[in-house]
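**Student:** After the sequence you'll find the predicted model.
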Amino acid sequence: MPATEKAALLVRAIRLEWLTIGWTAIAGAAAFVAGVRAHSVSLHAFALDSTVESVCAGVLIVRLRSELERRADAGAWERIAARIVGVLLLAAACYITANALWHLLAHRGQDVSLPGIALTIATILIMAPLAQYKLAIARLLPSRALRADAVGNAVCWYLAAVVLAGLAAQAIFRAWWLDSAASLAVVVLLVVEGWQALGVPTKQHV
């Protein structure tokens with residue numbers, strides 16, 4: 001790949017990471033407040049994932065800038081970034097699992113949250129294309145760290161879809177258990193991609 005083309009891809013990826021930080025900071029704070037009010041596992045999981053996404057984006061900016069500036073430590077930052085993203089994805093999976101199981105055992109569901117519904121719809125519209133753009137750039141560079149970060153963005157909008165489905169089911173069917181059960185389904189992707197980011201061979205899911 002020509003140096004100018006690669007530089008353009010790196011600049012584009014850095015801009016996407018800054019966009020990620022801006023949105024996830026706002027969405028994470030809003031989701032946490034809405035989750036507390038609605039007693040929602042999936043909203044709490046969404047808030048945690050948004051925090052993880054912000055941290056991952058910050059790490060990726062350092063990694064991408066190191067390559068853009070052709071620093072000697074670019075390769076080292078790729079490995080470090082991939083490991084940090086992997087660990088954060090696995091940590092999020094552990095938290096979501098524990099929280100969901102506790103709510104299932106306690107027979108505790110979520111309350112309908114209009115702010116939660118608005119937030120999840122906005123997140124799907126923003127994070128879905130953002131994840132796809134990052135994945136495309138990650139394949140071209142290529143970068144395992146950027147791919148893991150993109151998968152984290154995809155999980156973010158998956159969780160938003162889970163929250164939306166759970167709120168709808170709670171409002172229509174009073175299915176108190178769906179919120180927690182659906183959150184557990186997302187854990188599978190978090191674990192697989194977390195291990196993959198750490199360098200453990202797994203099947204591709206995205």
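**Tutor:** Okay, I see it.
**Student:** The nearest residue to residue 12 once chain neighbours are set aside: what's it in contact with?
**Tutor:** Nearest residue to residue 12, sequence neighbours excluded (Cβ to Cβ, 6 or more residues apart in numbering): residue 137, at 6.4 Å. Any C-beta I mention is one placed from the backbone N, CA and C, and that applies to glycine too. Counting by Cβ atoms under 8 Å, 6 or more residues apart in numbering, residue 137 touches 9, 12-13, 16, 143, 146.
**Student:** How about residue 13?
**Tutor:** Counting by Cβ under 8 Å, 6+ apart, the residues that residue 13 touches are 60, 64, 134, 137, 141, 146.
**Student:** Can you check the pLDDT for the residue nearest to the third one when sequence neighbours are not counted?
**Tutor:** Same thing as residue 134. In this structure, residue 134 finds its nearest non-sequential neighbour in residue 150, 3.5 Å apart by Cβ to Cβ, 6+ apart. Looking at residue 150, its pLDDT is 89.
**Student:** same thing with the one 10 residues further on?
**Tutor:** Residue 160 is assigned a predicted lDDT (pLDDT) of 78.
**Student:** what's the distance between residue 160 and residue 175?
**Tutor:** Per Cβ to Cβ, to the nearest Å, residue 160 is found 18 Å from residue 175.
**Student:** more crowded one of these two?
**Tutor:** With neighbours defined as other Cβ atoms under 10 Å, residue 160 and residue 175 compare such that residue 160 has more, 28 against 16.
**Student:** helices or strands next to the helix or strand that one falls within in the packing?
**Tutor:** Per DSSP states H and E: residue 160 is located in helix 144-173. Helix 144-173 sits against helix 3-38, helix 41-68, helix 74-105, helix 114-140, helix 178-197, with contacts defined as 3 or more Cβ pairs under 8 Å, 6 or more residues apart in numbering; DSSP states H and E.
**Student:** Spatially central, which residue of the protein would that be?
**Tutor:** Computing the C-alpha centroid of the chain and ranking residues by Cα atoms, centre = their mean puts residue 152 first, at 3.2 Å.
**Student:** Does that residue touch residue 90 like I think?
**Tutor:** No. Counting by Cβ atoms under 8 Å, residue 152 sits too far from residue 90 to count as a contact (11.4 Å).
**Student:** any weak-confidence spans in the chain?
**Tutor:** 41-42, 74, 108-113, 170, 179, 200-206 (pLDDT under 70).
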